[in-house]
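Q: Below: sequence and its predicted model.
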Amino acid sequence: MGRCFLLIGCFAALTGGALGAFGAHALRDILDSRQLDAWKTAVDYQLVHGIGLLGIGLLALREKRRAYGWAGGLLSLGIFLFSGSIYGLSAGWRWLWPVTPVGGFAFIFGWLVLLIALCRRAP
């Protein structure tokens, strides 16, 4: 489980960096300012939560706890749904708008599960 979250976190950071550069260079003349701002938001959330997955992966390598699996799974789902839907919305795929808040809730619950797990952890 820990290795899996490390891989997903690395992939999220790698693709987040690439998509950020793509947006800044290739899309700046194609997207309007609102679409480009949305794209940047998707990149920011992908990068932040990718780094969070790296942390969860490291925790999961140290100790086996189901909560880390839930937290990492929810953050992974959030990246896919939240950032993925915003990338699609930036491209004009308006039918994706209901997916974005589901991804946002996945982020929130992922961090909440991690917080509870860390508070319940033995010192």
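A: Nice, I can see it. Residues are numbered from 1 along each chain as shown.
Q: What residues does the residue nearest in space to the middle of the chain make contact with?
A: When Cα atoms, centre = their mean is applied to the chain, the residue found nearest the centroid is Ile79 (2.9 Å). Contacts were defined as Cβ atoms under 8 Å, 6 or more residues apart in numbering; by that measure Ile79 touches Ala12, Tyr45, Gln46, His49, Gly50, Leu53, Gly103. Yep, even glycine has a C-beta here, placed from its N, CA and C like the rest.
Q: Now the second one. Its backbone dihedrals?
A: For Tyr45, the backbone dihedrals (degrees, to the nearest 10) come out as phi -70, psi -40.
Q: confidence score at it?
A: pLDDT recorded at Tyr45 is 98.
Q: now Pro123
A: Note for Pro123: predicted pLDDT of 68.
Q: Just the helices from the chain, written as ranges.
A: Assigned by DSSP state H, the helices in the chain fall at 2-25, 33-62, 66-78, 84-90, 99-119.
Q: Packed most tightly, which of these would that be?
A: Most buried of the helices of the chain by mean neighbour count (mean count of other Cβ atoms under 10 Å) is helix 66-78; its value is a mean of 22.
Q: and Gly2, what does it touch?
A: Contacts of Gly2 (Cβ under 8 Å, 6+ apart): Ile56, Gly57, Leu58, Leu59, Ala60, Leu61, Arg62, Tyr68.
Q: Also Gly20?
A: When contacts are counted by Cβ under 8 Å, 6+ apart, Gly20 touches Lys40, Val43, Leu47.
Q: got it, and Ala117?
A: Contacts for Ala117 were tallied using Cβ under 8 Å, 6+ apart; they are Arg65, Ala67, Tyr68, Ala71.
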